[in-house]
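**Student:** coords below, sequence missing:
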């Protein structure tokens, strides 16, 4: 297993941060706190961030709104987002099987991720 420091050093300068989760998530304050903290840390390390997400309601719409407010690039994908990601943050209720599947896929691919359990 690779250590986080080694993983971060292996990333390109421009990274894709996957931000996705359940469709019924409605706490933008929690979303903002978690995503802005991660983005600030990544920017302090010199990374150029592109937010990637799906096109659904809830978490995905928050991701698009956040990227606009933070003046970050944004790309929307309907599928295979995990294949494009370097890092990920998931907002999961512990039940949604779609989000669970994406989390599992990211772990299988070795993508460092944070899961915010709602």
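**Tutor:** The structure has been received and is ready for your questions. Just so we're clear, the structure is a prediction, and the values are computed from it rather than from any experiment. Numbering: from 1, shown residues only.
**Student:** does residue 114 count as helix, strand or coil?
**Tutor:** At residue 114, secondary structure determined by DSSP: H, G, I helix; E, B strand; the rest coil is strand.
**Student:** that one contacts residue 103, correct?
**Tutor:** No. The criterion here is CB atoms under 8 Å, and residue 114 misses it with residue 103 at 10.3 Å. Quick note: C-beta positions are derived from backbone N, CA and C, even for glycine.
**Student:** which one of these two has more residues nearby?
**Tutor:** Each of residue 114 and residue 103 has its neighbours counted (other CB atoms under 10 Å); residue 103 has more, 20 against 13.
**Student:** find the residue closest to that one in space, skipping its chain neighbours.
**Tutor:** The shortest distance from residue 103 to any non-neighbouring residue, by CB to CB, 6 or more residues apart in numbering, is to residue 90 (5.4 Å).
**Student:** wait, the one you found sits on residue 112?
**Tutor:** No. Counting by CB under 8 Å, residue 90 stays clear of residue 112, with 11.9 Å between them.
**Student:** how near is the residue nearest to residue 103 to residue 80?
**Tutor:** 16 Å (CB to CB, to the nearest Å).
**Student:** kindly report the same for residue 30.
**Tutor:** 27 Å.
**Student:** still on that earlier bit, more crowded one of residue 90 and residue 112?
**Tutor:** residue 90 (21 against 15).
**Student:** contacting residues around the helix or strand where residue 52 lies?
**Tutor:** Per DSSP states H and E: residue 52 is located in strand 48-53. Counting by CB atoms under 8 Å, 6 or more residues apart in numbering, strand 48-53 makes contact with 13-20, 39, 42-43, 59-60, 63-64, 66-67, 72-77, 81, 84-85, all of which sit outside it.
**Student:** noted, bye for now.
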